Each structure stands twice: as C-alpha cells, then as structure tokens.
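**Student:** Let's see this in three dimensions:
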Amino acid sequence: MDPLAEYLNALIYLAVAAFIGVALLLVGYLFGPKRPTPEKLRDYESGNEPMGYVRRFPAHFYAVGLLFLVFDVEVAFLWPYAVTAKKLGLAGYAAMAFFVFVLLAGLYYEWKKGTMEMLPRRGDRG
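**Tutor:** This is a model prediction of the structure:
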C-alpha cells in the first residue's frame, strides 16, 4: 500500500470519528429533555442545598480514577501498534517497549507513594 493511500485511510478514519462525535452531541442536544426548572438550575445537581456536614471523597479516589484513565489511554495507543507490529519492526517494538516502561515506572512510583491505597494507614488523618 502506498503512503498516500495510508494517509487517506487515516484521514477517513479521523473524519468518521469526528462525525460520530459531533453526531452524538447533536442528537443529545436535539432530542434530550429541555425542561429547566429553578431547582435544576441551582448550584448542586440534586437541587438540594447542602445541610450540615457534606461528605467529600478523599483525593486519592480521584488519583486512582486518573490512573485508570492513563492506562485506558495506554490500551488505545497499544492497539494500533498491535495491528501494525510486523510492519513497524524492531523500531516500533522499541518505541512501544519504552512507552510501556515509562508507564510502568509511573505506576511503580504511584504504588510506592501510596496513592492506590483505598483505606488510610494507621496514624494518618484523612
């Protein structure tokens, strides 16, 4: 396959992806419910003002969510490599190995830092 055809395939893929994204947003906007009430337009989504103590999630729950997102994006990057691994050869393998190594190094760092612990350690206040 010549390089021009590969670029054309990539552009078609991007155009279809953009079309699907815009189409889904447009369908939601056109056919979604449109009944705003004063209760729905308040600061909080539930429509209730907070009373008393408001329980907030500790920050490490958000960090674990971000870690999940990072590794989800990793899979999105590894999929095209897996499809074209033979064509990319050793250079592609080295690039993907470095990519995975950097992500695993970050995972190890976060693990040692204690970001992924769901319960606080003894003596920690949180």
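**Student:** Could I get the buried residue list for stretch 65-74?
**Tutor:** residue 67 (16 or more other Cβ atoms under 10 Å). Just so you know, the C-beta spots here come from the backbone N, C-alpha and C atoms, and that holds for glycine as well.
**Student:** so how far is that stretch from its chain's centroid?
**Tutor:** Offset of stretch 65-74 from its chain centre (Cα atoms, centre = their mean, to the nearest Å): 5 Å.
**Student:** Quick check: mean pLDDT of it?
**Tutor:** On average, the pLDDT along stretch 65-74 is 83.
**Student:** Can you tell me what sits against the helix or strand hosting residue 65?
**Tutor:** Secondary structure assignment for residue 65, by DSSP states H and E: helix 59-83. The contact list for helix 59-83, computed with Cβ atoms under 8 Å, 6 or more residues apart in numbering, reads 88, 92, 96, 99-100, 103, 106-107, 110, 115-118.
**Student:** Which of these fall within helices?
**Tutor:** Residues of the contacts of helix 59-83 located in helices (DSSP state H): 88, 92, 96, 99-100, 103, 106-107, 110.
**Student:** For the residue nearest to the spatial centre of the chain, give its distance to residue 101.
**Tutor:** The centroid of the chain falls nearest to residue 69 when counting by Cα atoms, centre = their mean (3.6 Å). Going from residue 69 to residue 101 by Cβ to Cβ, to the nearest Å gives 19 Å.
**Student:** again with residue 110
**Tutor:** 15 Å.
**Student:** Looking at those two, which is more packed in?
**Tutor:** Using other Cβ atoms under 10 Å as the criterion, residue 110 and residue 101 rank with residue 110 on top: 17 against 10.
**Student:** Roughly how far does that one sit from residue 104?
**Tutor:** 11 Å.
**Student:** swap in residue 34?
**Tutor:** For residue 34, the distance to residue 104 - Cβ to Cβ - is 47 Å.
**Student:** Can you pick out the residue with more neighbours from the two?
**Tutor:** Under the neighbour definition other Cβ under 10 Å, residue 34 and residue 104 were set side by side, and residue 104 has more, 11 against 7.
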